[in-house]
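Participant: Okay, structure incoming, though there's no sequence with it:
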């Protein structure tokens with residue numbers, strides 16, 4: 001199995017791409033702050049899940065990387081709150097993306113609680 005086959009990876013990648021497309025419409029003055037930060041944190045979720053999967057030979061590293069991915073996911077949720085508060089996204093889009101991010105968080109948590117299902121040996 002490749003890391004690209006992991007549901008958590010697929011969903012987080014999709015969320016990051018949704019955020020990327022949406023952030024294209026943010027004001028130019030946000031390009032080096034909000035736009036850059038939300039793109040970085042959302043992309044980091046997928047990349048860190050991939051790193052965790054490659055570290056599955058080492059249970060503590062696997063878990064550590066997944067907690068990092070979860071933290072990046074939470075950061076993305078925080079940036080979504082700023083997007084909504086600044087009126088860059090609608091309430092409907094805010095709820096949709098936040099729920100998507102919560103789903104990703106649950107998948108990451110499942111991986112942490114069930115490492116043996118992902119090839120981690122105890």
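Facilitator: Yep, that arrived. Quantities reported herein were computed from a predicted structural model and do not represent experimental measurements.
Participant: Mind naming the longest helix for this protein?
Facilitator: helix 59-85 (DSSP state H).
Participant: where's it relative to the chain centroid, distance-wise?
Facilitator: Centroid separation for helix 59-85 versus its chain: 6 Å, with Cα atoms, centre = their mean, to the nearest Å.
Participant: swap in stretch 8-24?
Facilitator: 8 Å.
Participant: got the buried residues for it?
Facilitator: 8-13, 15-16, 19, 22-23 (16 or more other Cβ atoms under 10 Å). Where C-beta positions appear, they are placed from N, C-alpha and C, glycine not excepted.
Participant: Name the residues that touch it?
Facilitator: Applying Cβ atoms under 8 Å, 6 or more residues apart in numbering, the external contacts of stretch 8-24 come out as 3-4, 35, 38-39, 42-43, 45-46, 49-50, 53, 69, 73, 76, 89, 93, 97, 100-101, 103-104, 107-108, 110-111.
Participant: Show me which of those are buried.
Facilitator: 3, 35, 38-39, 42-43, 45-46, 49-50, 53, 69, 73, 76, 89, 97, 100-101, 104, 107-108, 111.
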